[in-house]
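Student: sequence plus the predicted model coming up.
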Amino acid sequence: MSIIWIGILASLGAGLMTGAGAVPVLFGRSVSQRANDAFLGFAAGVMLSASYFSLILPGIEAAEGLYDSVLAAAAIAAAGIALGAVAVAALNAWVPHRHFVAGPEGGDPGKLAKIWLFIIAITIHNFPEGLAVGVGFGGGDVANGMSLATGIGLQNAPEGLAVALALRGQGYSRWRSFGVALATGLVEPVGGALGVTLVHLSQHVLPWGLGFAAGAMLYIISHEIIPETHRSGHQAAATTGLILGLILMMMLDVTLG
């Protein structure tokens, strides 16, 4: 099987974990706000660790091998991170969407239903994760790609549960809440296909792609996830979750990568 298909399927598997995480809503199960904040903190920790251990550091190493210059490698990593963060910030500013707590953001939503604004917001969040998995495979390092896919999949489960619970709180049915949570993960193989294809076509894209994916995820961690986990006053639970997620992803990267 080609590396492109492996990358697409791995990002699909990671994306489907949003549906797996949302399964409890079908049985009427719920979690406390403290537990929800801890789970989201865990997701932030996984993303934070993946950004550095699986994206930024391999990107610097790849650039140094291509250009035989530590300074050039560091500059490319920095530029890629900045571009990724700016890209997500631009999407947040221009694309109409709605967060569960923060409310509407972006441009004029027109006649879009509220649920579609929620879906767009989650899509902006999930696309960079799929991109990161795809880029991880595109460089030909299957072990690094697998550690990324595993880590992103693990953090997608609590995110899927959080999305489904939030939709239930907005009055949507169990099945619709589950279906939307599942569907939001399906954007990840789209990002995965783009990332793995671009990097596979040219190795010179690899360090840029790794930095870009890291910058996009770092922006989401700081702009959305961490503020949400601290909103209800459960900072200790959220921080504990973040540290555990970071440690787990680091272990995955060291053992699988």
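Tutor: Structure's in. What do you need? These numbers were taken from a predicted model, which means no experiment stands behind them.
Student: which outside residues touch stretch 35-46?
Tutor: With Cβ atoms under 8 Å, 6 or more residues apart in numbering as the test, stretch 35-46 has contacts from 31, 151-152, 154-156, 158-159, 161-162, 165, 221, 225-226, 228-230, 232, 234, 237-249. (C-beta placed from N, C-alpha, C; glycine too.)
Student: average model confidence for the helix or strand hosting Phe127?
Tutor: Using DSSP states H and E, Phe127 maps to helix 114-138. The average pLDDT for helix 114-138 rounds to 79.
Student: read off the pLDDT value for Leu83.
Tutor: 96.
Student: again, but for Pro158
Tutor: 84.
Student: and it, which of the three is it?
Tutor: Using DSSP: H, G, I helix; E, B strand; the rest coil as the criterion, the local structure at Pro158 reads helix.
Student: state the number of residues packed around the closest residue to it other than its chain neighbours.
Tutor: Nearest non-adjacent residue to Pro158, counting by Cβ to Cβ, 6 or more residues apart in numbering: Phe39, 3.3 Å away. Phe39 has 23 neighbours, counted by other Cβ atoms under 10 Å.
Student: next, the angle from the strand or helix carrying Phe39 to helix 114-138.
Tutor: Applying DSSP H and E as the criterion places Phe39 in helix 33-49. For helix 33-49 against helix 114-138, the angle by axes from the mean of the first three to the mean of the last three Cα atoms, to 10 degrees is 40 degrees.
Student: count the neighbours of Ser11 for me.
Tutor: 34.
Student: same check, this time on Ser202
Tutor: With other Cβ under 10 Å as criterion, Ser202 counts 11.
Student: which pLDDT value goes with it?
Tutor: 83.
Student: how about Gly110?
Tutor: Turning to Gly110, the model gives it a pLDDT of 61.
Student: contacting residues around the residue nearest to the spatial centre of the chain?
Tutor: Among the residues of the chain, the one closest to the centroid is Glu129, at 3.3 Å (Cα atoms, centre = their mean). Contacts for Glu129 (Cβ under 8 Å, 6+ apart) come out as Ala14, Gly15, Met47, Ile152, Asn156, Glu188, Gly191, Met217.
Student: do I have it right that the second one meets Ala193?
Tutor: So the one you mean is Gly15. No. In this structure Gly15 lies outside contact range of Ala193 using Cβ atoms under 8 Å: 11.5 Å.
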